[in-house]
Every structure is written in C-alpha cells, then in structure tokens.
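S.K.: based on what follows, work out the 3D shape:
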Amino acid sequence: MVFPQVVVKVVSTKNIRADESRLYFYLNFMQTIDILVGSVLALIMFGIGLSLTLKDFTNIVLYPKAFATALTSQMVALPLIAFCIASFADVPAEIKVGLVILAASPGGATSGFITHLFKGNVALSLSLTSVNSFLTLFSIPFVVNLALKHFMGQSSEIVLPFWDTFVHIFFIAIIPAILGLLIRRFRTSWAIRVEKPAKYVMMFLLFSVFTIKIFAGQNSGGSGLSTQDFKDILPSALLLNFTCLMVGYFLLKFVGLRHADSLTAAIESGVHNTTLAFLIAGTLLQNEPMVKPPLIYSMFSFWTALLFGFISSKLAKHKIKS
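M.R.: Reported below is the predicted structural model:
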C-alpha cells in the first residue's frame, strides 16, 4: 500500500512542475510581448513628435473649444453610451460591466498614431491623452463601481495604481513625443527629412505588433476566446465602436469645428486604451469575463478607425472641392 502512494506523489509533483513551467513560459511570453508593444508605441510617439511644433499646442490654449468639447465627450458621453448599449444587450452581467470599463478607458498612443496618419490635430490628441491619464484615476473608479452596482448588484473598492498608470502613459506616449518635438525644434531640417519615411516604418511596426497580439496561440499568450464569445460580445462591441466614432466626430462638428479637430475627437473616442481596461478587469477586479469585451474590441478598433479616417477624410476633401 505504501508503494502506490509514493508513485502517486511523484506523478503529482511532476504535474505541478509541468504546470509551473507552462505558467512561467506564459508569463515570460506576455511580459516580452508587453515590452515589445510598449517599445514600438514609444518609437511611434517619437516619430509623431517629429511632426509637431510648439505652435500646435499654443493654438489649443488660444482656442480651447475643441479640447473642452472632446474631453467632455470622452469623460461623460462615452460611459453613458456604454451603459445604454449594455442595458439592452443580451449578455451576462460581467460582459456588461466589461463594456463600461472599456468605454471609461480613453485613447492612448495608438489613437495618436492614427490621428497623425490622417493629418488630424495631433497636438489635441496628445493633450487629451495627457489630461485623461490624470482624470481617469478618479473617473474610472466611480464609473466602474456604478456599473458593478447597476448590473451585478455589488460594488468593489477600485483604486488605480497611480505610478503604474503614470509610467504607462507618460513614458510610452508623452515623453517620446516631447523628445521628437524638441528635435523638430532644434534640428528642423533633419526632422522634416525623416518624417515621411518614418510614417511608413511606424505603420509596419504597428501592424506587426497587432498581428502578434491577436494571432498568438493561447499557449503563447493569445486570447483563447471561443466562437460563442465572439457571437455574444462582437455585436455590442461593434455598436459601441461605431457610436463612439460618430459621437466624437459630429459633436465637434455640431459646435462648428473643422474636420481635423472632429476627426481627432472621433479617433480618440473610438480607439480606447484596452491595456488600461485589461488592468482594471483582469488585475484589479480579477474577473476573466470582464476582460473579454476589451480583448475583442482591440482586435478590430484599430482597423475600423483607419476605415473611418479614410472615408471621413475623402468626404471632407470632396466637400471642399464642391
């Protein structure tokens, strides 16, 4: 009787070691991917900074209507849109909360790149990113707790880690852009010469990162989403994306602002900071179903924003010619 017990114990130990080995590989892979994504986004923001001048930012101070309207849209309108969509969506309560978490997480470096690509107001985009990174420390706990209470009948103490959020936004998005701006200021001829080829390099790098993020296998840190997850979540996620883009664009048009400002607000509203949403749903709330909406959203929002930018820019040019 002793021998079988020993055998079982040995096998169990091997299984534990195998599980630990797989977990170690998974965590290291995810850490490598996150470092890669962060490095590429920082490089992209540096390239965007090369196209900026100090005058771009002084214009925002002198003419603050675009900034104030876009910021109000992101802080107030987007969470309200998500609450409405989630209320009518036939999905579990955790998915509803995940949609609200997604809407409460504003745009990051990716939205700045798309704005740059379609010649939007990049200075406005970076200013919104900077201010949002501070405001979300207070707005997200309030909005998410409201969603938890409304959809699940519970509440949770959510406190965003200040320094982690600060490092993520400023060292990946703001600091590289400032370095690029300084080079544009003191090495203008070199910055102008590099700006155009840098745009194509940035497009290739960003496409490569998104490909790795989306198509990596589950054992390599991929999503592991089921077909049913897509059937349940995709319609609501697409509706949220479309509505955010439209509200961001036409709200600024309604107050009489130009296409570049409206396009910037649309992209900032439609391309959310899914990394921040992952942090809230997965790390702070430790709820796997809540992670699924931002995960699915991240798979298409970049491409829909590109499509929206292309179509709206074409229509704006056609209107000017007419």
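
S.K.: drop to CA atoms for contacts and neighbour counts, all remaining ones
M.R.: Fine.

S.K.: right, and residue 126 touches residue 111 too?
M.R.: No. Using Cα atoms under 8 Å, residue 126 makes no contact with residue 111, being 9.3 Å away.

S.K.: now do the contacts for residue 101.
M.R.: Under the criterion of Cα atoms under 8 Å, 6 or more residues apart in numbering, the contact partners of residue 101 comprise 140, 143-144, 277, 280-281.

S.K.: and the helix or strand containing residue 140, which residues are buried?
M.R.: Residue 140 is located in helix 122-152, with elements delineated by DSSP states H and E. Going by neighbour count (16 or more other Cα atoms under 10 Å), the buried part of helix 122-152 is 122-130, 132-133, 136-137, 140-141, 143-148, 150-151.

S.K.: now that helix: mean pLDDT?
M.R.: pLDDT averaged over helix 122-152 equals 81, rounded to a whole number.

S.K.: which strands or helices does that helix pack on?
M.R.: Counting by 3 or more Cα pairs under 8 Å, 6 or more residues apart in numbering; DSSP states H and E, the packing neighbours recorded for helix 122-152 are helix 54-62, helix 65-72, helix 93-103, helix 109-117, helix 162-169, helix 259-270.

S.K.: right, and the helix or strand after the last one?
M.R.: Along the chain past helix 259-270, the next helix or strand (assigned with DSSP H and E) turns out to be helix 274-278.

S.K.: CA atoms of stretch 82-101 as CSV?
M.R.: This file holds the C-alpha atoms of stretch 82-101, laid out as CSV (Å, rounded to 0.1, in the frame of the first residue of the first chain):
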residue,chain,number,x,y,z
ALA,A,82,-21.8,52.1,-22.9
PHE,A,83,-24.4,52.0,-20.2
CYS,A,84,-27.2,52.3,-22.8
ILE,A,85,-25.8,49.6,-25.0
ALA,A,86,-25.0,47.2,-22.1
SER,A,87,-28.5,47.7,-20.7
PHE,A,88,-30.2,46.4,-23.9
ALA,A,89,-27.5,43.8,-24.8
ASP,A,90,-28.5,40.2,-24.2
VAL,A,91,-25.2,39.2,-22.5
PRO,A,92,-24.2,38.2,-19.0
ALA,A,93,-23.8,40.9,-16.3
GLU,A,94,-19.9,40.6,-16.3
ILE,A,95,-19.8,41.4,-20.0
LYS,A,96,-22.0,44.4,-19.5
VAL,A,97,-19.5,45.7,-16.9
GLY,A,98,-16.6,44.9,-19.3
LEU,A,99,-18.2,47.2,-21.9
VAL,A,100,-18.5,50.0,-19.4
ILE,A,101,-14.9,49.5,-18.3
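
S.K.: I am finished for the moment; much appreciated.
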